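>>> sharing a model prediction with you, sequence too.
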Amino acid sequence: MFVSPRLSPAEEAVRQAYAAHREGDLDRARAAALRATGHNPDHLEAWYVLGNIATSANRFDDAVAAFSEGVNRAPEGSPTRGQFMTLRARARIAEGFAADAVADIRAAIDSIAEAPGLVAAATVLSEAGLEAEARPLLERAAGLAPNDAAAWFGLAGARQFFGDLKGAEAAFETSIQCGLRTGNPVPMAWMSLARLRRWTAEDNHIARLEATQCRHSLDAACVAYSLFKEYDDTGNTAAAWDALQHGSMIGGSIDPWSVDEDKALLDGWQAYLPPSRFGTADDRPRPGPRRIFIIGLPRSGTTLVERILVAHSEVQALGELKTFGAAVKILGQTATPRLLDPDTIAAASRLDPLALAEWYTEQTAYLHDGSAFTIDKLPSNHEYAGLIRLAFPDAIIVHVRREPMDSLFGAYKLLFSQAHRWSYSQEHLAQHYDQYRRLMTYWRTCLDASGQPLVEISLEDLIREPEAQIRRLLDLCGMPFEDACLRPHEARGAVATASSAQVRAPINAEGVGAWRRYATELEPLRAQLEAMGYVGADV
């Protein structure tokens, strides 16, 4: 009779850790994994499962510690060591240490030989703003594993960011087909393909989308938002709206939002960072280039303004960096689950602003090409505008405004990844907009007191009189006019946002008033904004 070999104590503990992890019991899984490392500190799989459990719990510092044990114990130059370094890099970038994550990936590249590892490494590089380094890894991954949907999806995104829209379309399509064949789809591929260009009654994917079998809520949400986009493109607004309602219902249930969160942030900033903090000059020198932060609501035109500025010979775009928020959280040493909350604001108010500037500069230095100005275009940095001014007294903070109905509808019709949790209902859209306006009014007061006010630009004014507004923008930024800034669609570099296809075209008014196609359906939002005083009855 066959007798299965008895597991060692470490192996048995690893088995228990996997089982508890699958059941979602992270505390029990972590305890089992720790037992395994105690029984045998050289058991690499024990450190692997411990790190993955910590990642699932968003305990990224614990994940970094576990994967570091794997790195230190795996043979030098081995694929296993490369895997641990990639996993550590993923945890480090999630935690906010982008420079360290990049160093890990660069050190691990030569030992990564399989497609999943290449995709993981490329994902870290892309999130760190190094799309040019990520793209060849994705090309290799797709060549090594031509049926890997994730590899083709990553490659499609890389092609799109660099303006190869035809190549991106082909790769998104390949990703979808691979997912259907293998049963391992990438749900975002549907939505990314739908966003890539305008579809017609003769050229669309509506029938295929309607026939798609969804296994999970995220799959269903991606398909619903894709259907909205393609129905909208083809003029079937009734079907488009139905799809959008289905998608937004799912999206809003994933991580529900309450306006109380925004109110608590505004109260916190007003309590801990009063205007009096901004009246005293901080003349200590800051390291690095002069900083430009472009802020605003999502879909307000921040990407267009970035492209205008990056067309200038003295300016480099670093992308949508999460670095400033990470600096606040890490240096503030708060253990609360949200990146920004009242406890974190209180801790941030006690920090030395120079320490924030130095940490930010250290973690972004790998991106800098020597340009005199760099752009950080994370729209949600508007939440930190006052703290940014204290950290970088000479920073240029550009606030991009758009008519609220267009801006909010632009957010409503997109499925965001773990961001903008207020964007899935008309009531929440209006509530968030109100708090955003109140916060920006407060920051305006603070920045005026600092002697370096916000640079305000209206998207509608920019579209209506581009040359005059671009000259004004450059003047306010302290830059000489350059003719190339009038042609932002020709600007160099990748565009890693939902606007990456649109900004490849010359400045145009195509998106102005787009919400009016759904004026009847959006009346609750318009009426609520009117009651708040943000739009008129004739809008």
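Received it, and whenever you're ready, just let me know what you need. Numbering: from 1, shown residues only.
>>> quick one: list the elements packing against the helix ranked longest in the chain.
Identified as the longest helix of the chain according to DSSP state H is helix 426-450. On a contact count with 3 or more C-beta pairs under 8 Å, 6 or more residues apart in numbering; DSSP states H and E, helix 426-450 meets helix 259-272, helix 385-391, helix 404-412, helix 523-532. Quick note: C-beta positions are derived from backbone N, CA and C, even for glycine.
>>> pull the CA atoms of the last one into PDB?
What that stands for is helix 523-532. This file holds the C-alpha atoms of helix 523-532, laid out as PDB (Å, rounded to 0.1, in the frame of the first residue of the first chain):
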ATOM      1  CA  GLU A 523     -30.900  66.100 -14.000                       C
ATOM      2  CA  PRO A 524     -30.600  64.900 -10.400                       C
ATOM      3  CA  LEU A 525     -26.900  65.900 -10.400                       C
ATOM      4  CA  ARG A 526     -27.500  69.200 -12.200                       C
ATOM      5  CA  ALA A 527     -30.400  70.100  -9.800                       C
ATOM      6  CA  GLN A 528     -28.200  69.300  -6.700                       C
ATOM      7  CA  LEU A 529     -25.300  71.400  -8.100                       C
ATOM      8  CA  GLU A 530     -27.800  74.300  -8.800                       C
ATOM      9  CA  ALA A 531     -29.100  74.100  -5.200                       C
ATOM     10  CA  MET A 532     -25.500  74.300  -4.000                       C
END
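>>> could you give the mean pLDDT of that helix?
For helix 523-532, mean pLDDT is 98.
>>> going forward can the numbers begin at 121, since that is how I track them
Renumbered: residue one is now 121, and that last one reads helix 643-652.
>>> could you list the buried residues of it?
Residues 645-646, 648-650 are the ones in helix 643-652 that count as buried (16 or more other C-beta atoms under 10 Å).
>>> closest to G416 out of the residues you listed?
Closest approach to G416 among the buried residues of helix 643-652 (C-beta to C-beta): L649, at 16.8 Å.
>>> now, the most widely separated pair of the buried residues of helix 643-652?
Maximum pairwise distance among these (C-beta to C-beta): 9.7 Å, between L645 and E650.
>>> show me where pLDDT drops low in this protein?
121-125, 613-624, 657-659 (pLDDT under 70).
>>> and the strands in it, which stretches?
Taking DSSP state E, the strands of the chain run over residues 410-416, 435-437, 493-496, 516-521, 575-578.
>>> would you mind writing the CA trace of stretch 593-601 as PDB?
Listed next in PDB are the C-alpha coordinates belonging to stretch 593-601 (Å, rounded to 0.1, in the frame of the first residue of the first chain):
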ATOM      1  CA  LEU A 593       0.100  79.900 -18.300                       C
ATOM      2  CA  LEU A 594       3.800  80.000 -19.300                       C
ATOM      3  CA  ASP A 595       4.100  83.500 -18.000                       C
ATOM      4  CA  LEU A 596       2.600  82.600 -14.600                       C
ATOM      5  CA  CYS A 597       5.000  79.600 -14.500                       C
ATOM      6  CA  GLY A 598       8.000  81.900 -15.100                       C
ATOM      7  CA  MET A 599       8.900  80.300 -18.500                       C
ATOM      8  CA  PRO A 600       9.600  82.000 -21.800                       C
ATOM      9  CA  PHE A 601       7.000  81.300 -24.500                       C
END
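>>> can you point out the buried residues in that stretch?
Of all the residues in stretch 593-601, those buried under the rule 16+ other C-beta under 10 Å are 593-594, 597, 599.
>>> do stretch 213-231 as well
So stretch 213-231, judged by 16+ other C-beta under 10 Å, has buried residues 213-222, 224-226, 228-229, 231.
>>> which of those residues lies closest to S537?
Set against S537, the nearest of these by C-beta to C-beta is A214 (12.8 Å).
>>> relative to S570, how far out is the closest one?
According to C-beta to C-beta, to the nearest Å, A214 and S570 sit 33 Å apart.
>>> excluding its backbone neighbours, what's nearest E641?
Excluding the flanking residues, the one nearest E641 by C-beta to C-beta, 6 or more residues apart in numbering is W361, at 5.3 Å.
>>> how close does that neighbour get to R201?
52 Å.
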